[in-house]
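A.B. asks: no sequence on this one, just coordinates:
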Ligand code: SAJ
């Protein structure tokens with residue numbers, strides 16, 4: 001039976017581990033987070049993702065997946081740890097580096113090491129050199145050279161969309177970039193056992209760049225939509241309606257404006273390109289700045305509106321980083337909520353069906369409470385729709401007619417998604 005060791009049991013590593021176990025692999029998951037390891041071994045996922053809980057329980061019950069706080073020898077070792085950035089938007093590769101140091105003693109002839117973490121161009125060569133210096137008794141591949149080595153190293157960037165991870169793990173096309181062609185082929189053997197999409201092989205530098213440009217592409221396109229929303233606000237046009245009509249053109253497909261870009265990927269990865277070519281990557285940098293500014297823009301508008309009230313109450317619908325996920329990482333909506341609280345003098349009500357409790361950094365403030373949708377509607381002077389969760393699409397928007405509404409997500413305006421009388425929008429500012 002093929003044995004796989006997955007380093008990092010977070011948002012990518014855990015779904016991958018559970019899915020591989022369900023396909024009959026013997027999977028050992030390694031994480032430094034003891035609480036996460038204990039929770040996984042008891043069959044409970046430490047975050048929410050559709051279908052993950054069911055798959056994980058089965059993987060643990062059949063004994064095909066075990067989580068532990070040390071790695072093990074395996075045919076494949078997959079690194080799936082975070083790659084955030086430092087201050088100054090410089091890539092922080094410390095988690096990948098410590099993963100290498102931790103797995104080095106567990107390498108044996110025949111092991112294939114796969115880096116799934118999104119990484120700056122050149123990272124696969126750097127980790128190969130790091131592993132080679134820790135294990136002079138083994139042979140390692142040289143970039144693009146054809147000599148056979150005992151250890152194979154490849155980059156196979158994850159591509160799954162939070163909220164749809166388990167389906168995309170199997171159905172998405174994959175890019176594999178080996179240090180050598182042999183490395184790519186060794187990695188391909190693993191992925192072709194469960195991927196129904198196509199698998200394309202290339203060199204590791206190209207694979208690293210491809211992953212970065214996928215997310216930069218999306219960031220630039222979201223920035224375009226966000227810029228349109230601010231322009232429309234100034235000139236008095238309904239941005240949602242305008243985009244909907246523009247998208248009737250056969251070669252136009254504009255994305256949706258929102259509260260900004262959150263999560264641990266799109267708001268981070270484009271900086272890796274900017275860091276590697278600061279003079280050249282001008283559009284990518286500006287797109288990041290446009291998206292990063294959007295929460296501040298919405299906050300400013302909320303403050304303008306709050307100034308009309310003596311003791312303003314603002315009800316915020318949604319604080320996660322995007323619709324239909326419970327993840328708060330780098331959430332632009334949460335940033336808006338925090339700024340409102342920090343400013344003081346405003347009572348903030350938060351309604352989010354995917355969040356069980358407020359994050360600790362704001363939970364203790366006396367001016368904020370987590371409430372249900374009815375209370376948020378009743379008690380708020382100003383209602384801010386910040387995330388378009390599907391539960392919010394079912395709200396009766398005509399009951400918000402007498403509120404001051406800030407609809408940052410187009411919930412009340414998207415006619416294709418919600419059949420409501422467009423006249424209610426006369427009370428709504430579209431950002
Ligand atoms: N957003 C908008 N308008 C849109 C689409 C998204 O404002 O039209 C916002 C979302 O609300 C969210 C942010 O952008 O705050 C990012 O959301 P997303 O759904 O675009 O992407 P992520 O970060 O959840 O996942 C992305 C995916 N990359 C691409 O679609 C190119 C996923 O496939 C990657 O695996 C993931 O990044 C990653 O880990 O890199």
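C.D. replies: Cool, the structure landed. None of the values given here were measured: they were computed from a predicted structure.
A.B. asks: for the ligand, what are the nearby residues on the stretch 201-350 of the chain?
C.D. replies: Within the stretch 201-350 of the chain, the positions adjacent to the ligand are 214-215, 218, 222, 255-256, 258, 261-263, 265-266, 321-322 by C-beta under 6 Å from any ligand atom. For every residue, glycine as well, the C-beta is placed using N, CA and C.
A.B. asks: And the nearest residue to residue 303 once chain neighbours are set aside, how close does it get to residue 300?
C.D. replies: Excluding the flanking residues, the one nearest residue 303 by C-beta to C-beta, 6 or more residues apart in numbering is residue 343, at 7.0 Å. When distance is defined by C-beta to C-beta, to the nearest Å, residue 343 is 11 Å away from residue 300.
A.B. asks: okay, the two: which has more neighbours?
C.D. replies: Between residue 343 and residue 300, counted using other C-beta atoms under 10 Å, residue 343 has the larger neighbour count: 14 against 11.
A.B. asks: how close does that one sit to residue 299?
C.D. replies: In terms of C-beta to C-beta, residue 343 sits 9 Å off from residue 299.
A.B. asks: can you check residue 94 too?
C.D. replies: The value you get for residue 94 to residue 299, if C-beta to C-beta is used, is 32 Å.
A.B. asks: ok, those two, which is more surrounded?
C.D. replies: residue 299 (20 against 13).
A.B. asks: how about residue 197, what does it touch?
C.D. replies: By C-beta atoms under 8 Å, 6 or more residues apart in numbering, the contact set of residue 197 is 170-174.
A.B. asks: Tell me if I'm right that the residue nearest to residue 303 and residue 302 touch.
C.D. replies: No: using C-beta atoms under 8 Å, residue 343 makes no contact with residue 302, being 9.7 Å away.
A.B. asks: so how many other residues sit close to the closest residue to the ligand within the stretch 301-431 of the chain?
C.D. replies: Closest approach between the stretch 301-431 of the chain and the ligand, counting by C-beta to the nearest ligand atom: residue 322, at 3.4 Å. Residues near residue 322, counting by other C-beta under 10 Å, number 23.
A.B. asks: okay but it is in contact with residue 263, surely?
C.D. replies: Yes: between residue 322 and residue 263 a contact is recorded at 6.6 Å, counting by C-beta under 8 Å.
A.B. asks: anything in contact with each of the two?
C.D. replies: Common neighbours of residue 322 and residue 263 (C-beta under 8 Å, 6+ apart) are residue 162.
A.B. asks: and the stretch 51-200 of the chain, which of its residues are near the ligand?
C.D. replies: 118, 158-162.
A.B. asks: between those, which is nearest residue 369?
C.D. replies: residue 162 (26.9 Å; C-beta to C-beta).
A.B. asks: okay but the closest one is in contact with residue 326, surely?
C.D. replies: No: checked against C-beta under 8 Å, the pair residue 162 and residue 326 is beyond contact range at 9.5 Å.
A.B. asks: Those two: which has the busier surroundings?
C.D. replies: Using other C-beta under 10 Å as the criterion, residue 162 and residue 326 rank with residue 162 on top: 24 against 17.
A.B. asks: show me the residues around that one that make contact.
C.D. replies: Counting by C-beta under 8 Å, 6+ apart, residue 162 has contacts 11, 49, 263, 322, 325, 327.
A.B. asks: ok, now with 10 Å
C.D. replies: Shown in contact with residue 162 (C-beta atoms under 10 Å, 6 or more residues apart in numbering): 11-12, 15, 47-50, 168, 263-265, 320-322, 324-327, 329.
A.B. asks: for residue 354, same thing?
C.D. replies: Residue 354 neighbours (C-beta under 10 Å, 6+ apart): 48, 318-320, 323-328, 387, 389, 391.
A.B. asks: If we use 6 Å, what do you get?
C.D. replies: Applying C-beta atoms under 6 Å, 6 or more residues apart in numbering, we find residue 354 in contact with 320, 326.
A.B. asks: Please tell me how far it sits from residue 44.
C.D. replies: Counting by C-beta to C-beta, the gap from residue 354 to residue 44 is 17 Å.
A.B. asks: Then residue 126?
C.D. replies: With C-beta to C-beta as the criterion, residue 126 and residue 44 are 36 Å apart.
A.B. asks: cool, and residue 59?
C.D. replies: Residue 59 is 12 Å from residue 44, by C-beta to C-beta.
A.B. asks: neighbour-wise, which of these two wins?
C.D. replies: residue 59 (25 against 13).
A.B. asks: isn't there a helix covering that one?
C.D. replies: Yes: per DSSP: H, G, I helix; E, B strand; the rest coil, residue 59 lies within a helix segment.
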